[in-house]
Structures are given as C-alpha cells and as structure tokens.
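Undergrad: Coordinates for the following, if possible.
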Amino acid sequence: MKMELLSPAGDPERLRMAVAYGADAVYLAGNAFGMRAFAGNFSNEALYDAVRLCHTHNVKVHVTCNTMPRNQEVDRLPAWLEVLEDAGVDAVILADLGVFQLAGKYAPHLKRHVSTQAGVTNYAVANAWHELGADRVILARELSLEEVAELRARTPKSLEVEAFVHGAMCVSYSGRCLLSNYMTGRDAQRGACAQPCRYKYALMEEQRPGEYFPVFEENGETFIMNSRDMCMIDHIPELLQAGVDSLKIEGRAKSAYYAAVVTGAYRHAVDAALAGQPLSPVWRDEVEKVSHRHYSTGFWFGQPGQFTEDARYIRDYQVCAMVETCSPDALALCSLRNKFSAGDTLELIGPDVAPLSFTVPQMADADGLPLT
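TA: Numbering: from 1, shown residues only. Below you'll find the predicted structure:
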C-alpha cells in the first residue's frame with residue numbers, strides 16, 4: 001500500500017523545506033480563499049514556480065480553496081480556478097458545495113478534495129461527496145481510529161481518505177468557530193482567525209468595572225479552551241492498517257524549521273511503517289524540538305483533554321543559522337538567524353540525515369580576530 005505524506009507550505013521557503021525533507025505532496029494557498037490568510041501564501045507567479053519545483057521532484061501540489069465565501073467573493077472564483085487549472089495544480093481543497101461545483105466547471109483537470117471544514121464524520125457523507133465527483137475526503141479531526149477504519153471499509157477504494165496526524169487542534173468542531181468573528185471581526189471561516197480560544201479569561205461583574213474575578217478549571221488556571229497539539233508519529237502502523245491514504249501535517253502558518261523537521265520525522269515514520277520496521281527514537285525526538293503545545297493523540301484513541309496550566313508554546317530549540325552553500329573543501333557559508341556562542345551545543349540537521357551534535361569552537365571574523 002502507498003501512503004502519502006502531505007506537508008504544509010505557507011510560503012516558498014517552507015515549500016522548499018517540505019520538498020527537500022521528503023513530502024509526497026504539499027498543500028498551499030494563493031492570496032485568497034485559503035483558511036490561513038496570515039501565512040505568507042503564494043502570488044500567481046509564485047504558484048506557477050511552486051508547481052514547477054514540486055513536479056520536478058515528483059511532489060504533488062494541493063491548493064486550498066476552503067473558505068466559506070460570501071456572494072461578492074463568489075464572482076472572483078472562476079478566474080482563480082482557471083489560474084489553478086492553467087498552473088497545473090494537482091488538486092484543490094474545497095469545503096463549500098458551490099465552490100465544489102464551480103471547480104468542476106472551471107478547473108476540470110484538478111482533483112477535488114473535500115476539506116475537513118466540511119465535517120466528514122461518516123461513510124454516508126463520504127460516499128455522497130464521492131457520488132458528486134469528489135476524489136478525496138479529508139476527515140474531521142474528531143473521529144476515532146475505529147470510526148476511520150469503518151468509514152474506510154464502507155467507502156469505495158476510488159475515494160481517497162486523508163486524515164490529520166500532527167499539529168494544532170481547533171477547540172471547535174471541525175474548525176467551525178464564530179468566536180473570532182464575534183470578538184474581533186476576523187472571520188475564521190474566511191481564513192482570518194484571531195485564536196481567542198487561546199486568550200486568558202476572567203469574570204467581571206457589570207457594577208464593578210475593573211475588578212476581575214478568576215475563572216478556574218481543575219488546576220486553578222483560566223485557560224478554559226486550550227487545545228493540545230496532535231502528534232501521531234508513534235501510531236503510523238495503526239493508521240496504515242486502518243486504510244488511511246494520506247497523512248496530513250498541520251502548520252501552514254508555522255516556520256520553515258517546523259516544515260523541515262516534522263516532514264523529515266514523519267517521512268521516516270511512514271517509510272518504517274511501510275517496511276514493517278520500528279521507528280528509530282531519533283525521529284520521535286525530533287518532533288519534540290519544534291515549537292508546539294503539549295501533545296496528545298487527538299481524538300484517535302479517545303478524548304484528548306485540554307491543557308489548563310498555561311497557553312504557552314514549548315520552545316526549547318531555535319534555528320541558529322541556515323547553510324546557504326558548501327565549498328569543495330568542506331566549508332559552509334551560513335546565514336545567521338539567532339545568536340549563539342563559543343561553547344554552545346548545536347545540532348546540524350539536513351534531509352535524511354540524523355541530527356549531529358557538536359560544540360561551537362572559538363571563532364574568528366573576516367579579519368582573523370577572535371569572536372565568542
């Protein structure tokens with residue numbers, strides 16, 4: 001069985017990392033109709049470049065068009081879909097039935113993937129979408145492993161099944177949230193979520209303005225809607241057994257480092273599962289090094305629970321430098337990203353290369369003077 005690894009590409013740099021670190025396919029957005037309006041995203045010219053780069057490396061390109069557009073936005077959709085068709089995109093990700101039908105008309109050579117925003121939770125709705133012409137359904141993140149296996153068993157093999165395996169989880173059902181729209185005017189269903197579920201809340205009595213009373217959960221804290229991140233890297237064999245066709249990594253708004261490290265780790269996990277071999281602990285450790293909230297296995301094995309101690313990200317590692325070129329005599333030219341000092345321990349990472357730790361030696365500047 002072939003299992004696709006689908007990685008996020010929020011901008012051209014993240015795209016290059018996902019391709020270099022082993023993605024079978026990437027998903028990205030143009031400057032409209034995507035659910036991550038504040039990722040870097042792709043201009044029309046950059047989209048054409050992205051498709052050329054990916055197809056050169058035998059990587060497929062899926063473009064998100066999964067917002068819930070309003071009347072005035074629908075008029076712009078045919079022209080955008082024609083751009084995707086002309087660029088040679090492989091698939092378009094859709095949630096709205098009207099957009100789905102427009103894609104069939106204006107981008108007939110693109111496969112149509114039904115977004116997780118559509119809330120596909122059972123085999124009946126999956127089959128209904130397939131009968132309408134869908135090539136793939138991206139399952140709601142609220143399903144258990146048993147439910148996914150049953151859905152796969154009761155749908156035709158001609159319908160592909162995609163599921164999220166890593167990244168942030170929305171506190172609302174399949175991402176259908178109005179908090180951001182109500183509180184900030186930024187519509188989550190049109191790609192502009194302000195994530196108010198991550199805010200710290202208190203109670204104020206209307207006759208006592210300025211007096212804040214804490215709202216407690218079980219640990220005396222007030223992060224009452226604080227979803228854990230999903231991490232399923234330990235369970236790829238179970239997903240393979242359940243018949244999932246594509247494993248999706250969340251994170252188009254996250255860093256190029258995230259795109260590289262998480263893609264690389266899951267590449268090894270998928271390859272190990274397909275070969276019937278255990279995953280080396282070194283790749284499991286890699287997903288702990290990217291910025292993330294406390295991990296769970298999502299809803300795959302039951303309720304994930306909320307994390308109520310804080311809403312911070314775990315950030316124990318950072319990128320010090322990026323290798324730009326290497327000379328024949330093994331000297332690397334690097335661009336500095338964050339401060340480091342002589343005596344620090346760094347890790348060198350690269351595509352299909354296990355992390356290599358080393359201690360920073362005494363350094364010198366271009367004039368030979370010592371640098372610490």
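Undergrad: can you count the residues close to Ala192?
TA: 17 (other Cβ atoms under 10 Å). (Each C-beta comes from the backbone N, C-alpha and C, glycine too.)
Undergrad: now do Asp229
TA: For Asp229, using other Cβ under 10 Å, the count is 23.
Undergrad: again with Gln72
TA: When counting by other Cβ under 10 Å, one arrives at 7 neighbours for Gln72.
Undergrad: That one belongs to a helix?
TA: Yes: the assignment for Gln72 (DSSP: H, G, I helix; E, B strand; the rest coil) places it in a helix.
Undergrad: Please determine how far it is located from Leu139.
TA: Distance of Gln72 to Leu139, computed by Cβ to Cβ, to the nearest Å: 31 Å.
Undergrad: go on, Arg70?
TA: Distance from Arg70 to Leu139, counting by Cβ to Cβ: 27 Å.
Undergrad: pLDDT below threshold where in this protein?
TA: The model of the chain has pLDDT under 70 over residues 34-40, 173-175, 182, 188-191, 198, 216-224, 308-311.
Undergrad: those helices in it, which residues are they?
TA: Assigned by DSSP state H, the chain shows helices spanning 12-20, 44-56, 71-74, 77-87, 97-106, 123-132, 145-153, 179-184, 236-242, 256-274, 281-286.
Undergrad: now for the third one, which elements pack on it?
TA: Secondary structure elements in contact with helix 71-74, counted by 3 or more Cβ pairs under 8 Å, 6 or more residues apart in numbering; DSSP states H and E, are helix 97-106.
Undergrad: Contacts made by the helix it packs on with the rest, please.
TA: With contacts defined as Cβ atoms under 8 Å, 6 or more residues apart in numbering, helix 97-106 is touched by 33, 65, 69, 74, 77-78, 81-82, 85, 92, 94, 110, 112, 114, 132-134.
Undergrad: Give me the phi and psi angles of the spatially most central residue of the chain.
TA: The chain has Glu250 as the residue nearest its centroid, 1.7 Å off, counting by Cα atoms, centre = their mean. Backbone torsions of Glu250, given as degrees, to the nearest 10, read phi -80, psi 150.
Undergrad: again, but for the one 5 residues further on
TA: For Ser255, the backbone dihedrals are phi -80, psi 170 (criterion: degrees, to the nearest 10).
Undergrad: and the helices of the chain as JSON lines, adding distance to Phe358?
TA: Shown next, in JSON lines, are the helices of the chain (distance: least, Cβ to Cβ, whole Å):
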{"stretch": "helix 12-20", "distance to Phe358": "22"}
{"stretch": "helix 44-56", "distance to Phe358": "31"}
{"stretch": "helix 71-74", "distance to Phe358": "52"}
{"stretch": "helix 77-87", "distance to Phe358": "42"}
{"stretch": "helix 97-106", "distance to Phe358": "50"}
{"stretch": "helix 123-132", "distance to Phe358": "50"}
{"stretch": "helix 145-153", "distance to Phe358": "41"}
{"stretch": "helix 179-184", "distance to Phe358": "44"}
{"stretch": "helix 236-242", "distance to Phe358": "31"}
{"stretch": "helix 256-274", "distance to Phe358": "18"}
{"stretch": "helix 281-286", "distance to Phe358": "16"}
